[in-house]
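> return atomic coordinates for the entry below.
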Amino acid sequence: TCESTGNLSVVASTVDTISLSGGNIALAAGCEVLASASHVHIEPSTDLGMSLGVNTASTFSLTDTELDQITTTGTLQFGVTKGATTIVNGVTRDVGTETELRILTTGDLTFSTVASSFASTAYMTSTHHIAFTESLTTSGGVLKIIADNNCNGAGSDDLLSIATTKAVTSTNQDISITASDIELIGDLDAGSGVVSITACSSNPIRLGGTDATSGAWINLVEAEADRITTSAGMVFTADTISVRAVATTKVEGDSIELNARASGGTITFSGSASFESLNATAAHGIVISTNSITIATSEGALALDADYDLSGGGVTDITGTGVTLSSFTNLLLHHRQSGHIRVDMPARWEANDDVTLSVGALLEGTGSLTLIADTNAGGEASGTFTCESTGNLSVVASTVDTISLSGGNIALAAGCEVLASASHVHIEPST
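Down below sits the predicted model:
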């Protein structure tokens with residue numbers, strides 16, 4: 001208890017941390033913890049539930065008024081190893097001066113009843129569930145959330161969830177999420193900040209589609225993906241990423257990045273997918289497995305690279321027939337110049353601007369390859385098909401009928417060959 005006549009005031013810059021622990025903490029009106037640039041760490045002394053924002057019976061509690069009596073330009077941290085559950089209810093740190101607010105718990109972390117707001121970088125981690133049954137708004141720095149931080153998935157609800165009609169908003173700052181699963185019934189809004197979603201440990205990410213089956217993976221169906229708003233792009237990181245049918249409408253401006261760059265990492269497309277722009281990179285392969293689907297961008301480039309670690313073993317394997325790769329600007333295929341592409345006919349590669357092939361492409365199956373740079377026929381040399389010195393087009397099946405090349409221009413670097421075998425080759429300008 002700090003009575004109304006008491007306070008804790010740091011007067012030397014060499015004071016590192018004020019650490020407060022107890023069965024409860026009571027700051028009377030008039031008492032202040034003035035930490036200057038020192039850190040403030042607060043936690044219960046036993047595995048007792050912690051309540052921030054309101055006084056809750058039988059818990060370690062600090063009301064919003066008491067929290068306003070604590071100031072620091074360092075880190076304000078609640079919890080370390082103790083605290084069975086933590087509830088945040090109506091905490092307003094809009095006048096907070098801390099550089100980072102941290103909430104750490106070994107139990108569930110729930111934002112409930114009344115919306116909260118933090119005016120600093122925010123970091124929160126839980127061994128189990130992080131649930132936003134009420135909204136949270138942050139400003140002034142990155143929002144980092146780690147649910148199921150030991151990634152053991154011991155509980156069916158060891159995930160990050162946002163309830164219907166609620167929102168987590170970072171006021172144009174980056175949002176970084178690491179979890180074993182995510183359930184977005186409400187909204188995640190980074191404004192002009194980047195949203196990064198990382199699967200814990202070796203868990204995969206499943207993006208798109210309608211199958212919401214839970215398991216040892218992040219399952220973000222199309223409806224959930226459409227509840228994420230950002231104008232600076234999204235990054236999905238996992239050892240294995242599966243993309244089902246998906247079309248994002250609220251991710252604008254910059255790319256969707258699919259990052260499976262860890263050793264052995266793979267990306268699979270099993271349904272048509274449309275993004276404003278897309279950069280998909282894997283260490284050990286990209287597979288497009290479904291017939292007659294389209295992977296497309298609506299405002300930016302489409303880049304696929306299945307051999308990010310430059311081992312030479314990464315293959316973009318288009319096993320589906322009738323697959324279209326369509327870019328609003330440039331189509332870039334293995335631009336790091338390693339690995340190769342194998343594609344079943346028929347296939348169509350097109351871009352409004354340039355198509356650049358940087359590795360060998362093996363053409364198999366039955367039908368033709370149609371490759372068009374300058375799809376919108378923007379005029380002479382406005383779109384170029386470039387086959388770099390490390391690239392080629394090679395027919396390896398006698399059932400491949402035709403290689404059709406069209407563009408504002410075609411540039412075959414020394415070393416690039418179009419090896420059509422007995423297949424026909426048709427070349428024409430796009431205008």
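> and the helices in the stretch 51-200 of the chain?
64-68 (DSSP state H, counting those that start in this stretch).
> again with the stretch 201-350 of the chain
Using DSSP H, counting those that start in this stretch, the helices of the stretch 201-350 of the chain run over residues 222-225.
> now it, which segments are flagged as low pLDDT?
By pLDDT under 70, the weakly predicted segments of the stretch 201-350 of the chain are 249-254.
> what about 50?
Filtered on pLDDT under 50, the stretch 201-350 of the chain yields no residues whatsoever.
> what is the neighbour count of the nearest residue to residue 230 once chain neighbours are set aside?
The shortest distance from residue 230 to any non-neighbouring residue, by Cβ to Cβ, 6 or more residues apart in numbering, is to residue 190 (4.3 Å). Where you see a C-beta, it was placed from the backbone N, CA and C, and this is true even at glycine. By other Cβ atoms under 10 Å, the residues close to residue 190 number 27.
> with residue 362 instead?
Neighbours of residue 362 under the rule other Cβ under 10 Å: 18.
> what's the answer for residue 26, then?
Neighbour count for residue 26, taken as other Cβ under 10 Å: 14.
> would you confirm that residue 327 contacts residue 298?
No - between residue 327 and residue 298 there is no contact under Cβ atoms under 8 Å: 9.6 Å.
> who's more crowded, these two?
Neighbour totals were compared for residue 327 and residue 298, and residue 327 leads with 26 against 15 (other Cβ under 10 Å).
> so who does that one touch?
Residue 327 makes contact with 296, 297, 300, 301, 302, 350, 351, 352, 353, 355, according to Cβ atoms under 8 Å, 6 or more residues apart in numbering.
> mind doing that once more with 6 Å?
297, 301, 302, 351 (Cβ atoms under 6 Å, 6 or more residues apart in numbering).
> wait, the residue nearest to residue 230 touches residue 169, no?
No - counting by Cβ atoms under 6 Å, residue 190 sits too far from residue 169 to count as a contact (8.0 Å).
> and the contacts of residue 327 as CSV, adding distance to residue 417 and neighbour count?
Listed next are the contacts of residue 327 as CSV, based on distance: Cβ to Cβ, whole Å; neighbours: other Cβ atoms under 10 Å:
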residue, distance to residue 417, neighbour count
297, 29, 26
301, 26, 20
302, 24, 26
351, 22, 28
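> restricted to strands, list the residues you listed.
297, 302, 351 (DSSP state E).
> want to throw the residues you listed into a markdown table with distance to residue 117?
Below are those laid out as a markdown table (distance: Cβ to Cβ, whole Å):
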| residue | distance to residue 117 |
| --- | --- |
| 297 | 36 |
| 302 | 38 |
| 351 | 44 |
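> next one, pLDDT for the residue nearest to residue 333 when sequence neighbours are not counted please.
Using Cβ to Cβ, 6+ apart and skipping residues adjacent in sequence, the residue nearest residue 333 is residue 357, 5.1 Å away. Looking at residue 357, its pLDDT is 98.
> who does residue 357 form a beta bridge with?
In this entry, residue 357 is beta-bridged to residue 333, residue 387, by DSSP bridges.
> my guess is it meets residue 391, correct?
Yes - counting by Cβ under 6 Å, residue 357 does reach residue 391; the two are 4.2 Å apart.
> wait, residue 265 sits on residue 285?
No - the pair residue 265 / residue 285 is not scored as a contact, 8.3 Å apart, by Cβ under 6 Å.
> quick one, which of those two is more surrounded?
Each of residue 265 and residue 285 has its neighbours counted (other Cβ under 10 Å); residue 265 has more, 25 against 19.
> now do the contacts for that one.
239, 282, 283, 284.
> same thing but at 10 Å, please
202, 237-241, 258-259, 281-286, 306, 308-309, 314 (Cβ atoms under 10 Å, 6 or more residues apart in numbering).
> which of these are buried?
For the contacts of residue 265, a neighbour count by 16 or more other Cβ atoms under 10 Å gives the buried set as 237-241, 258-259, 281-286, 306, 308-309, 314.
> would you mind measuring from residue 257 to residue 303?
Computed as Cβ to Cβ, to the nearest Å, the residue 257 to residue 303 distance reads 9 Å.
> which neighbours do these two share?
In terms of Cβ under 10 Å, 6+ apart, residue 257 and residue 303 are both contacted by the residues 277, 278, 279, 280, 281.
> please name the nearest non-neighbouring residue to the fourth one.
With Cβ to Cβ, 6+ apart as the criterion, residue 280 has its nearest non-adjacent residue at 4.2 Å, and that residue is residue 258.
> distance of the one you found from residue 147?
Computed as Cβ to Cβ, the residue 258 to residue 147 distance reads 21 Å.
> go ahead and confirm residue 40 touches residue 25.
No - taking contacts as Cβ atoms under 10 Å, residue 40 lies outside contact range of residue 25: 11.4 Å.
> compare those two and say which is more crowded by neighbours.
A count of neighbours by other Cβ under 10 Å puts residue 40 above the other of residue 40 and residue 25, at 21 against 18.
> residues contacting that one?
Neighbouring residues of residue 40 by Cβ under 10 Å, 6+ apart: 8, 10, 17-20, 33, 70-72, 74-78, 98.
> now the buried members of those.
With neighbours counted by 16+ other Cβ under 10 Å, these contain buried members at 8, 10, 18, 20, 33, 70-72, 74-78, 98.
> for these, which one is nearest residue 412?
Nearest to residue 412 among those is residue 75, at 57.9 Å by Cβ to Cβ.
> that closest one and residue 100, how far apart?
Distance of residue 75 to residue 100, given as Cβ to Cβ: 5 Å.
> spit out the residues that contact the two alike.
Here residue 75 and residue 100 have 39, 120, 121, 123 as joint contacts, going by Cβ under 10 Å, 6+ apart.
> pLDDT check: weakest of those residues?
Lowest pLDDT of the shared contacts of residue 75 and residue 100: residue 120, 93.
> what touches both of residue 190 and residue 169?
Shared contacts of residue 190 and residue 169 (Cβ under 10 Å, 6+ apart): 143, 175, 229.
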